[in-house]
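Peer 1: sequence plus predicted model, see below.
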Amino acid sequence: MALQITDQNFEELLAEGKPMLIDFWAIWCGPCKKIGPYIEELAEKYGDQVIIGKVDVDENDQLAIRFGIRNIPTVLFLNKNGEIVDKQVGAAPKAALEAKLQSVL
């Protein structure tokens, strides 16, 4: 299951030193609901290798500001040092998200 990433727990998760997939979303966002199940499936498959989580932009605006999120859904792929190595803006097929995720492993 994907983690709920918040302004409060982000630094702690980053300190684990694992790559991260972060889905920036909101409850009212239709395309976000479309990719939500894909994020959950990737969390089940890769959860032991990568931190996979979701950031509700309405409740965690500091993270959205920090990463310059202007559109949702936006999925960021971070390496173990917390640097963005790839991103997907807008809905995408699960295969596209998985390919980008594998690039940070």
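Peer 2: Arrived safely.
Peer 1: which of the three states applies to the residue positioned nearest the centre of the chain?
Peer 2: Centroid-nearest residue in the chain: Ile22, 1.3 Å away (criterion: Cα atoms, centre = their mean). Assigned by DSSP: H, G, I helix; E, B strand; the rest coil, the conformation of Ile22 is strand.
Peer 1: so it makes contact with Leu76?
Peer 2: Yes - the pair Ile22 and Leu76 passes the contact test of Cβ atoms under 8 Å, sitting 4.7 Å apart. The C-beta positions use only the backbone N, C-alpha and C, and glycine is treated the same way.
Peer 1: which residues touch the residue lying farthest from the centre of the chain?
Peer 2: Relative to the C-alpha centroid of the chain, counting by Cα atoms, centre = their mean, Trp28 is the outermost residue, at 17.4 Å. For Trp28, the contact set (Cβ atoms under 8 Å, 6 or more residues apart in numbering) is empty.
Peer 1: one more: Ala91?
Peer 2: Applying Cβ under 8 Å, 6+ apart to Ala91 gives the contacts Pro31, Lys34, Ile35, Pro73.
Peer 1: next, show the common contact partners of Ile22 and Leu76.
Peer 2: The contact sets of Ile22 and Leu76 overlap at Phe67 (Cβ under 8 Å, 6+ apart).
Peer 1: hang on, the earlier thing: just the contacts of Ala91: which are in helices?
Peer 2: Per DSSP state H, helices hold the following members of these: Pro31, Lys34, Ile35.
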